[in-house]
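# My questions are about this predicted structure, shown below with the sequence.
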Amino acid sequence: MKKLKLGLRLNAYNRRKIALAVVNAQIGGRIESLNRELADLGRDVYAALFDMYGIGNLCADGEDVSTIMEGTLPVAPHITVTNDDHTDIMNLDFGGEKPIPYCYQIGNVNDSLFNDLPMFEERIMGLFPKSALVKKQAEEIELKMIKYLETHKTLRTAVEETPGLADIIPDEYCEEQKEGKSLDSILQGEVA
């Protein structure tokens with residue numbers, strides 16, 4: 001079991017860190033699933049662009065294809081798409097820096113992307129509401145936890161009032177575990 005620094009005085013920084021740990025404990029699975037979906041979508045979009053443009057065209061006009069190996073082509077780790085009313089953005093990650101068509105390196109790529117790959121429009125735009133919901137849930141949990149922790153001066157009172165919180169506290173707010181005798185060594189008679 002973790003030994004907490006119960007005397008820790010709570011401030012804005014550590015309240016937020018603890019709140020984020022609670023967010024992760026509560027909906028970490030949903031966040032992870034959304035990130036996986038985004039990564040898969042990014043790889044699929046990149047593969048489709050690569051098939052469509054070919055390696056020779058995944059660069060600015062006049063670039064020499066041989067420079068791809070030297071990494072001097074315009075490259076991007078992702079492209080950024082926006083929702084319908086441009087109030088939210090989402091990065092489609094390619095999983096590393098890769099050359100992309102020149103038209104995808106500037107401004108709003110939605111029009112270029114959906115003209116090139118209309119079959120991805122529904123899949124991409126469908127992730128915006130899902131992403132917004134997860135973001136909203138995360139923000140609500142974080143805010144509630146910060147408000148709750150603001151009613152406590154130290155970690156001790158917060159944990160005493162809410163014992164379940166003890167398991168979620170980030171390791172940086174725990175004492176270092178001392179190396180001692182193991183229970184097995186005592187039971188096997190190795191330790192006098």
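That came in fine, so what should we check first? From a predicted model like this one, the values you see are computed outputs, not experimental measurements.
# where does the protein dip in pLDDT?
For the chain, the stretches with pLDDT under 70 are 1, 55-75, 102, 105-108, 177-183, 190-192.
# can you give me the strands in it?
With DSSP state E, the ranges of strands along the chain come out as 75-82, 89-99.
# Identify each buried residue in the longest one, please.
The reference is to strand 89-99. Using 16 or more other Cβ atoms under 10 Å as the test for burial, strand 89-99 gives 90, 92, 93, 94, 98, 99. Yep, even glycine has a C-beta here, placed from its N, CA and C like the rest.
# for that strand, packing partners?
Applying 3 or more Cβ pairs under 8 Å, 6 or more residues apart in numbering; DSSP states H and E, one finds that strand 89-99 contacts helix 12-53, strand 75-82, helix 121-149.
# what's the residue lying closest to residue 156 once chain neighbours are set aside sitting at in phi/psi?
In this structure, residue 156 finds its nearest non-sequential neighbour in residue 6, 3.9 Å apart by Cβ to Cβ, 6 or more residues apart in numbering. Backbone geometry at residue 6, expressed as degrees, to the nearest 10, gives phi -60, psi -30.
# Same question for residue 5.
Dihedral pair for residue 5: phi -80, psi 80, per degrees, to the nearest 10.
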